Structures are given as C-alpha cells and as structure tokens.
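S.K.: here are the coordinates; sequence isn't available:
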Ligand SMILES: [Zn+2]
C-alpha cells in the first residue's frame, strides 16, 4: 500500500448549481492529477492519502458519502480532519 501526499486541489462549481465550488480532483506532490473518484477508490483499496501543506502538519484524507453542500449530490467526496491547523485542511490547500 502506498501513501500519497496532496499538495494542491482543483475546485469547480457543479453544472447547474453555481452556489458553491467543490473539490473535483487533487494534485499529488509529484504533480499527478487524480479525480475525487480515483482518490476514493484508492483509499478504499487500502492506500493512505494525506494533505501535505507547506507550513502545517499533514492531515489524513477520508471518503465522505456526499459533498457537504446541502443541495449538492456529488458523490463520493473527500475531507480531512485538520485538528487545530486550518492550513492542513484539504479544502484550504492551494489550487493547482
Ligand atoms: Zn458540491
């Protein structure tokens, strides 16, 4: 099993629902782009994914059933538990 470090994210507004932007994919430390579905499949296969912010500790990334926006049906979705370090949050990583 491998560990992947996420350094950047890509957010887009879902089609027909411009009320918010959600994560559609991530970039790993070697610059590889993976969609949310690919990351979720990898986590469920046993790989470990974590955020790798420049100035904060890593935070483990987990799979959520849906985007947290109440009117959004995107699934699956990704989140992290950053603890006291907001910069460790997946949602706060710089955009790639
Ligand atoms: Zn959404």
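M.R.: Perfect, I can see it now. Note that the structure is predicted; figures quoted are calculated from it, not measured.
S.K.: Tell me the predicted confidence for the residue of the chain most remote from its centre.
M.R.: Computed with Cα atoms, centre = their mean, the residue of the chain farthest from its C-alpha average is residue 16, at 21.8 Å. We note a pLDDT of 83 for residue 16 in this prediction.
S.K.: residue contacts, it?
M.R.: By Cβ atoms under 8 Å, 6 or more residues apart in numbering, no residues touch residue 16. Every C-beta, even on glycine, is put in place using the N, C-alpha and C of the backbone.
S.K.: next one: the one 10 residues further on
M.R.: With contacts defined as Cβ under 8 Å, 6+ apart, the neighbours of residue 26 are 6, 8-10, 33-34, 36, 39, 78, 90, 93, 96.
S.K.: quick revisit: how much space separates the residue farthest from the centre of the chain from residue 60?
M.R.: Counting by Cβ to Cβ, to the nearest Å, the gap from residue 16 to residue 60 is 32 Å.
S.K.: before we move on, what about residue 54?
M.R.: 18 Å.
S.K.: Looking at these two, which is more packed in?
M.R.: residue 60 (15 against 8; other Cβ atoms under 10 Å).
S.K.: my read: that one touches residue 48, true?
M.R.: Yes: in this structure, residue 60 is within contact of residue 48 by Cβ atoms under 8 Å, at 7.1 Å.
S.K.: Just say helix, strand or coil for the residue farthest from the centre of the chain.
M.R.: coil (DSSP: H, G, I helix; E, B strand; the rest coil).
S.K.: give me phi/psi at it?
M.R.: Backbone torsions for residue 16, taken as degrees, to the nearest 10, come to phi 80, psi 0.
S.K.: Over to the one 3 residues further on?
M.R.: Here is the backbone geometry of residue 19 (degrees, to the nearest 10): phi -70, psi -20.
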